[in-house]
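Asks: need a structure here:
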Amino acid sequence: MISLTRSQVQPVGLDIGRDSIKMLQVEVLSPLKLAVRAADQETFPEEARAQPALRLGMAGEMVRRMLRRGGFAGRRVVAALPREIVHIKSFRLPQMPPHELEPAVRFETRQLFGFEPEQAQVRCLPAGEVRQGNDTLQEVIVLAARNDEVSRFLEQLHRCGMVVDSLDVQPCALYRTVERFIRRRDDEQLVNVLVDVGLGASQVVIGRGRQITFTKTAEIGGAHFDEAVSRRLQVPPGEAQALRRRMMDAPADGEAGASVPEAVRRAMVDAMRGVMEQLAQEVLLCLRYQSVTFRGQRAARVRLTGGEGRDPQLQATLQTVLGIPVEAVNPLLNLDISRMPPHLRCEPMTEWAVALGLSLKRTVGRFGGRDGPSRAVTARILESAAPETAAAEREMSHA
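Replies: Predicted coordinates for the structure are as follows:
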């Protein structure tokens, strides 16, 4: 637990996504309390969303505007590297001391990614022990980004007037929004599954307790849902996206006042079903890999984040395919958000997960859950997962 005599303002979490830039800064008020110090968001024009270079070129002026109006303290940022330049693979190594792990990983970089280790920034995340035949190996998640691409990204940030405190990757930032609030011993036994659904892709991150054990990018996101609606209704993708936003904001029970006519809504649901089921199958494969690799570690629920994570149709589709509860979560639930601009407080605020995790990077210790689950709720989650875990262990024993 951290010991503080005064509040500590953290660096700004800078999340440059495909559809918007989000900046969020947290302040540690006490060893158990966090608050949002400042936050802002600005949307990219439609023509930039499919062009990473154009988005990065436009980001400078957008970030400068956000800094001027957002009330941020200082210009230090923790930024997520663009997903397009980060390469991620999992592989297995013999057991070895921690200080030998990174050199061994760098030695394997050429075979894993096809470029020399000195040409890239390479980091590894130990994921846990696995059994392979009669041997006990260690699963390692390796992340790499080419030096030239990282340098270009840093140059753009410096041109914005930002002072780069640290660079991070989306999976680590996402999982930090769970890991920082794990305080009880029972919580450390839970398998946490986060699916961050963005406009262009979805990031699956699985961990147990405070340790990430698996991550994968699925190249399916909101733009693919929009394209499916666009084809079915024969409207431009921008109009399809607007219709989807209106449907997501409509009353869940279809009462009068829903802004999308029922016939149109049914056509949209039918159009998106196949694409959403593809994403669900990708997530299902990730869950199966987790349970088989780590001998019965099965999740009791899935948390959805990202700008598309609040879509009720997506939640229902995932829940049907996965067979476990799926819920859109508010990553800021545990924080005091009274200083956050009112127009940014629209529930469930799923899209703030990455920016929050980035701003939390320099924090230490654990924080209390203002509205977190009670011990009884945690016990029920563990109990509900027990039959699945037992089945997985039987499956492994017969393998």
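
Asks: Touching, residue 209 and residue 187? I think so.
Replies: Yes: with contact defined as Cβ atoms under 8 Å, residue 209 counts as touching residue 187 (7.0 Å). Just so you know, the C-beta spots here come from the backbone N, C-alpha and C atoms, and that holds for glycine as well.

Asks: residues near the closest residue to residue 135 other than its chain neighbours, how many?
Replies: What sits nearest to residue 135 in space, not counting adjacent residues and going by Cβ to Cβ, 6 or more residues apart in numbering, is residue 94, at 7.8 Å. Residue 94: 10 surrounding residues under other Cβ atoms under 10 Å.

Asks: Residue 38 now?
Replies: Residues within reach of residue 38, counting by other Cβ under 10 Å, total 22.

Asks: again with residue 364
Replies: Neighbourhood size, residue 364 [other Cβ under 10 Å]: 9.

Asks: Assign a three-state SS to it, would you?
Replies: At residue 364 the chain is in coil, as set by DSSP: H, G, I helix; E, B strand; the rest coil.

Asks: and it, backbone torsions?
Replies: Torsion angles at residue 364 (phi, psi; degrees, to the nearest 10) stand at phi -130, psi 170.

Asks: Then residue 23?
Replies: Dihedral angles (degrees, to the nearest 10) for residue 23: phi -130, psi 130.

Asks: ok, back up a step: state the distance from the residue nearest to residue 135 to residue 132.
Replies: To residue 132, residue 94 is 10 Å away according to Cβ to Cβ, to the nearest Å.

Asks: of residue 209 and residue 187, who's got more company?
Replies: Between residue 209 and residue 187, counted using other Cβ under 10 Å, residue 187 has the larger neighbour count: 22 against 15.

Asks: now the helix or strand encompassing residue 272, how far from the centre of its chain.
Replies: Following DSSP states H and E, one finds residue 272 within helix 262-293. The chain centre lies 18 Å from the centre of helix 262-293; the measure is Cα atoms, centre = their mean, to the nearest Å.

Asks: Quick one: mean pLDDT over it.
Replies: Per-region confidence: helix 262-293 scores 95 on mean pLDDT.

Asks: Convert the C-alpha atoms of stretch 99-115 to PDB, please.
Replies: Extracted C-alpha coordinates of stretch 99-115, given in PDB (Å, rounded to 0.1, in the frame of the first residue of the first chain):
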ATOM      1  CA  HIS A  99      17.400 -11.900 -15.300                       C
ATOM      2  CA  GLU A 100      18.000 -14.500 -18.100                       C
ATOM      3  CA  LEU A 101      14.600 -14.200 -19.600                       C
ATOM      4  CA  GLU A 102      14.800 -11.000 -21.600                       C
ATOM      5  CA  PRO A 103      18.200 -11.900 -23.200                       C
ATOM      6  CA  ALA A 104      16.700 -15.200 -24.200                       C
ATOM      7  CA  VAL A 105      13.700 -13.500 -25.700                       C
ATOM      8  CA  ARG A 106      15.800 -11.100 -27.700                       C
ATOM      9  CA  PHE A 107      17.700 -14.000 -29.100                       C
ATOM     10  CA  GLU A 108      14.500 -15.400 -30.400                       C
ATOM     11  CA  THR A 109      13.300 -12.100 -31.900                       C
ATOM     12  CA  ARG A 110      14.600 -12.800 -35.400                       C
ATOM     13  CA  GLN A 111      12.700 -16.000 -35.700                       C
ATOM     14  CA  LEU A 112       9.500 -14.600 -34.000                       C
ATOM     15  CA  PHE A 113       9.200 -11.400 -36.000                       C
ATOM     16  CA  GLY A 114      11.600 -11.500 -38.900                       C
ATOM     17  CA  PHE A 115      13.800  -8.600 -37.900                       C
END
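
Asks: For residue 58, which non-adjacent residue is spatially closest?
Replies: residue 48 (5.8 Å).

Asks: surely the one you found meets residue 55?
Replies: Yes: assessed by Cβ under 8 Å, residue 48 is found in contact with residue 55 at 4.9 Å.

Asks: These two - which one has more neighbours?
Replies: residue 55 (21 against 18).

Asks: in this protein, which segments are predicted with low confidence?
Replies: Along the chain, the model assigns pLDDT under 70 to residues 1-6, 251-258, 369-399.

Asks: Could you pull out the strands in it for me?
Replies: Using DSSP state E, the strands of the chain run over residues 8-16, 20-30, 33-43, 76-80, 87-94, 120-132, 135-146, 163-168, 191-197, 202-208, 211-218, 302-305, 326-328, 335-336.

Asks: can you list those in TSV and add distance to residue 292?
Replies: TSV is the format used below for the strands of the chain (distance: least, Cβ to Cβ, whole Å):
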stretch	distance to residue 292
strand 8-16	33
strand 20-30	36
strand 33-43	36
strand 76-80	30
strand 87-94	13
strand 120-132	9
strand 135-146	12
strand 163-168	29
strand 191-197	13
strand 202-208	12
strand 211-218	11
strand 302-305	18
strand 326-328	21
strand 335-336	36
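
Asks: Ok, which of these comes nearest residue 101?
Replies: Of all the strands of the chain, it is strand 120-132 that lies closest to residue 101, at 6.2 Å by Cβ to Cβ.

Asks: Buried residues, the closest one. List them.
Replies: For strand 120-132, a neighbour-count test (16 or more other Cβ atoms under 10 Å) marks 120, 122, 124-125, 127-128, 130 as buried.
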